[in-house]
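Novice: what would the 3D arrangement of this be:
(chains A and B)
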Amino acid sequence: MTEKLTGSRSPLDLQSKLEGRTRYLHDLNLPGQLVGAIFRSPYPHARIVRLDVSRAREVPGVAAVITADDVPHHPYGPTKYKDWNILAKDRVLFIGDEIAAVAAESREAAAKAIAAIEAEFEPLPGVFDPEEAMTAGAPTIHEETPNNRPMHIRLQRGDVEAAKREAAVVKGGRYRSNRIYQGHLEPVGAMASWSDEEGLTIWAPSHIPYRARETYAAGFGLPEDRVRIIVPPIGGSFGAKYVLKVHVIAAALAMAARRPVKIILDRYEDMITAHPRVPLTFDIEIGTDREGRFLYKDLAVYADAGARVYWSPNVIATACTRPDNIYHFRNVRAEGHLCYTNNSPTTCMRGFGNAEMLFAVESVIDEIALELGMDPAELRLKNIVHEGETTIHGYRLDTCKLEQCIEQVKILSGWDRRGQLPPNRGLGLAVANHVSGFRAIDPRFDGSTAVARLKADGRVEIETGEIELGQGMSLTYARIAGQTLGIPETAITVKSGDTGRYPFGIGTLASRSTVMGGNAVRKAAESLARAIAGLAAEALGKEAVFQAGNVVCEGRTYPLSEVSAWYRARQAGEELEVKETYVPDTELPDATYYGHPSPNYPFAAHVAEVEVDPETGRTQVIGYWAVHDSGTIIHETMAKGQVLGAVAQGIGWVTMEDLLVKDGRVLNPSMMDYRMPGVKDIPEIEVKFIEGADPNGPLGAKSIGEVALDPVPGAIANAIAHATGVRGYELPLSAERVWRALHPE
Amino acid sequence: MAWYRPQSLPEALELLERRRPRIVCGGTDLFVNAPRKEYEAGKTDWLEVRGLPELRRISRQAEGLEIGAAVTAAEIWESRELRMVPALQQAARIVGGWQIQNRASIGGNVANASPAADMLVPLVAYRAEVRLASASGSRSVPIADFVEGPKRTQLRPGEMIVSLFIPARMLGVPQIFLRHDQRAATDISIVSVALILQGNARQVEWGTAAVGAAAPKPFTLSDEEERLWAGKLDADKLRRLGELYAQRSSPITDVRAGAQYRRSLVGTYVVRAGQALLSNLEQTEGEAWR
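Specialist: Okay, the predicted model is just below:
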């Protein structure tokens, strides 16, 4: 059977996965395909003194061996910081930095060739901590950035110094969020092919394929339309699979060998070269008056970008601003330092700086409540934003049901028990906001485009530029189009994931897909309904109407397959098709980070209940309640799935997960040593939605994917502090770390 | 690479003598590690012992209980005959996940000699013997001697583990296996304890415990120190025993836990094992244990 190489999927995607029929990158193969492998730096920082690949070229079965001498050296990268290369020329910047690559007939031959590469290095001093990276005398990682700080954020609204003089209660400290391996089931990989006619085609599980296309085209000095990215079903990403060097190297090998090349990293290689969640250090201070009214928030953030910029600038900018749109802090100041180090580059993960920052903010707020002798829920209710308000950074909250979320989660969790819990038990509350797309993701434009097409058999096909990554986008779009057209969603096929075939898309990040892509799908479906009505009038007369999925005229019903035939008869066999673009009414945040960047903003309030074993420090999450304002819920099963998955992910993050890196080396590069939660670590999770249509969302929806994770670290950290009486400042709050806090030497 | 699947123990020992292949049973350690240990795993010859009838038996004898090396973890915890060794059954039930338990063998767990091995810990507490065979004969070695250190054993070239032998005096005696790990299931132990107590809370006749993952190999106390278990066992004495085991441990710091934390857990888990056994004993007072 020949492989069907396509990125399109039906709404029956879930069933295919359950039955093991979904064909991932691993399952796709091209005739004449070679196996790619990468020769990487064993040093965190070194000069390449000698590199000899001549023996590798002689290994039987080797089709191509490439080094820096064989690839172009254009400045490129996925953000405005163009610090990427294809292969390292004379210096390597982290363990795993790519030096050479091999394409061979078999995995064994590729491995043999990699082993035959001879390299000598002169190790250079490395720097592994962002604060140390900024100190005088620290080794320079990129010559264009002598202070190792590619991005420096400074913002202030109001007068923090004046507010400090008025504050009656001040709490804060140094909090740290850790490196989280995104833990996708499917390892990282890519398949690439080159032809003079078609240019470069890359099969890559990327959820921002158009940005990937632009980035890789720049790297190879090709026009953008000479690069096509096809996205196979993505086996989990959570932010890891945006734009990756393994895609670029597969492409470079395919160009050199003139044959298709596939590289799939095994878990070990994936993890030693992982691009984890950006670890952040927060120096935070929040001041209030005697009644618990917030007066200011003062913040400094240090972010470890690693040796190259992936998505860290956007993460630190989010950390510096996003939580200020939940509470009325009245005066805010933030300074953010994004620094290069000799660690593997860090990137985004679900929550994107907001979840990390909220861990610190929500912890400090509980400390303030403790100091004031106030119920932490009460303190939050006193300071939160409300519907109709514009936040301190300019977010216009057309809808906001955060207050109802907090009230509801108190009821569900039995919050009033909090004062009478048995020993070692704790209840913790945290709240969160997020965006539904973010205007600054691409400063040039925002929005989404969809095509709606009436097929010959009467089915409707939707094409979108957004990407399904398991979150349920296709099901959601089918439901939006189905409801708009009045036809069953099973009569709709949603296609996406091919830059050569489908409309342009900015990508599935910043919780964009439901609102941005969904609005485009709604517009396209409305437009198709109008076109069908127009065609019916043309065919049957002006009495014809399109209702409930059929054309009706003078008591007779015409199914869509017949309508399609009318169109094809008139238009040389072509199918009826419309294309619509949704452009949100948002503002690009200005140089001070002010602006209304998203069509709407989801909110959530979570409560965690924990039991901490004081002798072992081990936390068991024994209850969890999540109440969400995500506007109208389009697909409840998938929306709940997003929350359940996020809470499970958060439980792992807070209680056990930690990618340990020492002097640039990952110490636990296996799923055995990098512990993630299993089913027994996850309690019953109760999810509730406070529904209400948002005027800017498709069918009234707001986003859910990231806001579901954002409050989890704060809620669990607060529950642990409540159970033990000791505040944890550093994630993860692993059993050993809690034990240390409870048993100081 | 060759893959040998002998039908009998003599045939296996002959192949082992002649070809010196690597012995494999469930492969749950060897195959997971093989790609990284030797990139060219294709050069290794393998001797599969899973199907050898001599290694598949569980037999009760007057002197004790013999468990064939190829008996799997799942077979151990499902076995009615092995209800006499509940600590071993508990350890077998916590090894890896269900899929691993269906393949992993008790002999493999001993041969792999991981400091964090689970089934090894009750075997050390039982003073089990490792029964070995080669083309030139057979011998029996106390398990505490057989395991020399992390991943090191006394297994000689040409020799294989045939069975584990548990002396009769350990059978049916109240016993428990407890382990501390990082998550609720499918994990590697940070500290584990197997405790065996004969008697009751008012009068313990004798007790013995082995502690895993807190030293280069599972350890017990000296005979003299171990006699401290005998007599009345109250909370204070149990705490002191816990402290003694913690003192005798020599844990390391690795990616899973720090040494100081592990040492503290040794005491905690010895106490917990004691508490759990004593409370079981009280509940079943009057019931026959043997």
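Novice: direction included, what does the top strand by length along chain A pair up with?
Specialist: Secondary structure assigned by DSSP state E gives strand A:294-306 as the longest strand of chain A. Here strand A:294-306 has these sheet partners by DSSP bridges: strand A:280-288 (antiparallel), strand A:332-340 (parallel).
Novice: beyond it, next helix or strand please.
Specialist: Toward the C-terminus, strand A:294-306 is succeeded by helix A:312-321 as the next helix or strand (DSSP states H and E).
Novice: helices and strands around that next one, which ones?
Specialist: strand A:151-157, strand A:280-288, strand A:294-306, strand A:332-340, helix A:354-372 (3 or more Cβ pairs under 8 Å, 6 or more residues apart in numbering or on different chains; DSSP states H and E). All C-beta spots, glycine's among them, are computed from the backbone N, C-alpha and C.
Novice: mind checking pLDDT for residue B:201?
Specialist: Note on residue B:201: pLDDT of 76.
Novice: who touches the residue nearest the centre of chain A in this structure?
Specialist: Geometric centre of chain A, nearest residue: residue A:239, 3.6 Å, by Cα atoms, centre = their mean. Residue A:239 makes contacts with A:182, A:277, A:311, A:347, A:348, A:349, A:350, A:352, A:509, as judged by Cβ atoms under 8 Å, 6 or more residues apart in numbering or on different chains.
Novice: kindly indicate which of those residues lies nearest residue B:99.
Specialist: Closest approach between the contacts of residue A:239 and residue B:99, by Cβ to Cβ: residue A:182, at 24.4 Å.
Novice: please settle this for me: is the closest one part of a helix?
Specialist: No - secondary structure assignment (DSSP: H, G, I helix; E, B strand; the rest coil) places residue A:182 in coil, not in a helix.
Novice: just to revisit the earlier point, alpha carbons of the longest strand of chain A, as CSV, please.
Specialist: These are the backbone C-alpha positions of strand A:294-306, laid out as CSV (Å, rounded to 0.1, in the frame of the first residue of the first chain):
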residue,chain,number,x,y,z
PHE,A,294,-3.1,46.1,46.4
LEU,A,295,-0.9,49.2,46.0
TYR,A,296,1.9,47.9,43.8
LYS,A,297,3.8,45.0,42.2
ASP,A,298,7.5,45.3,41.7
LEU,A,299,9.3,42.6,39.7
ALA,A,300,12.6,41.6,38.2
VAL,A,301,12.8,38.5,36.0
TYR,A,302,15.9,36.6,34.9
ALA,A,303,15.3,34.2,32.0
ASP,A,304,17.8,31.6,30.7
ALA,A,305,17.4,31.6,26.9
GLY,A,306,20.1,29.0,26.5
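Novice: how close does the residue in the stretch 51-200 of chain B that chain A sits nearest to get to residue A:655?
Specialist: Taking Cβ to the nearest Cβ, chain A has its nearest neighbour within the stretch 51-200 of chain B at residue B:184, 3.3 Å off. Residue B:184 sits 11 Å away from residue A:655, going by Cβ to Cβ, to the nearest Å.
Novice: higher neighbour count, those two?
Specialist: residue A:655 (26 against 14; other Cβ atoms under 10 Å in any protein chain shown).
Novice: my guess is the more buried one contacts residue A:612. True?
Specialist: No - between residue A:655 and residue A:612 there is no contact, the gap being 10.2 Å when judged by Cβ atoms under 8 Å.
Novice: between those two, which contacts overlap?
Specialist: residue A:619.
Novice: give me the pLDDT for the most centrally placed residue in chain B.
Specialist: The centroid of chain B falls nearest to residue B:120 when counting by Cα atoms, centre = their mean (1.6 Å). Looking at residue B:120, its pLDDT is 97.
Novice: quick one: it and residue B:215 touch, right?
Specialist: No - using Cβ under 8 Å as the test, residue B:120 is too far from residue B:215 to be in contact (11.9 Å).
Novice: three-state assignment of the closest residue to residue A:351 other than its chain neighbours?
Specialist: In space, and not counting its chain neighbours, residue A:351 is closest to residue A:709: 4.6 Å by Cβ to Cβ, 6 or more residues apart in numbering or on different chains. For residue A:709, the assignment made with three-state DSSP gives coil.
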